[in-house]
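Undergrad: Kindly generate the corresponding structure for this input.
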Amino acid sequence: MTSRRLLLPLLLVLAVAGLLTARVLLGTPFVYADLAVRAVLGEQIPGVSFIVMDDRLPAAVVGALAGAALGLSGTVFQTLLRNPLASPDVIGVTLGSSAAAVLAMAVLDAQGMALFWWTLLGGLGTALLVLWVARAHRPGGPGAGG
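TA: Numbers count the residues shown, from 1 in each chain. All right, here's what the predicted structure looks like:
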């Protein structure tokens, strides 16, 4: 039973590693695996080192990290709300972020990083409001009568 429990995570790790490798090697121009490994290990190969280390590998790693962050945030969201169907767009966090962004642009003429922070705060504020309302309506929550 234990080997079966370890098999799926191992297969998923291998799948992610395979996809990262494919992302680095495939494309125009094609990079051969031996040259890519040598470039990753620090050897300066004209053209290949730039393609692998400055272009493709960073994009592949950032994509993998972004996917992991989205998956983790969804899991945390569903765990906090105790609802397997909860997602930011379903319960209104996305709309709260959008409303804060529109308000910041229209009223405060926010741009760039200021707009980012207003959007983030709008989403967080909406999420906290949803959590507060969810706890208030739960038996034993702040709104429960005694």
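Undergrad: show me the contacts for the spatially closest residue to L95 that is not a sequence neighbour.
TA: Using CB to CB, 6 or more residues apart in numbering and skipping the chain neighbours, the partner closest in space to L95 is T126 (7.4 Å). C-beta coordinates here come from the backbone N, C-alpha and C atoms, glycine included. Going by CB atoms under 8 Å, 6 or more residues apart in numbering, T126 touches G92, V93, L95, G96, S97.
Undergrad: Save those residues as TSV, and put in secondary structure too.
TA: Shown next, in TSV, are the contacts of T126 (DSSP: H, G, I helix; E, B strand; the rest coil):
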residue	secondary structure
G92	coil
V93	helix
L95	helix
G96	helix
S97	helix
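Undergrad: Can you spell out which helices and strands pack onto the helix or strand of the chain with the lowest mean pLDDT?
TA: Sorting the helices and strands of the chain by mean pLDDT, DSSP states H and E puts helix 88-91 at the bottom, at a mean of 77. Contacts defined by 3 or more CB pairs under 8 Å, 6 or more residues apart in numbering; DSSP states H and E place helix 88-91 against helix 112-136.
Undergrad: Mind listing what's buried along the helix it packs on?
TA: L115, W118, T119, G122, G123, T126, A127, V130, A134 (16 or more other CB atoms under 10 Å).
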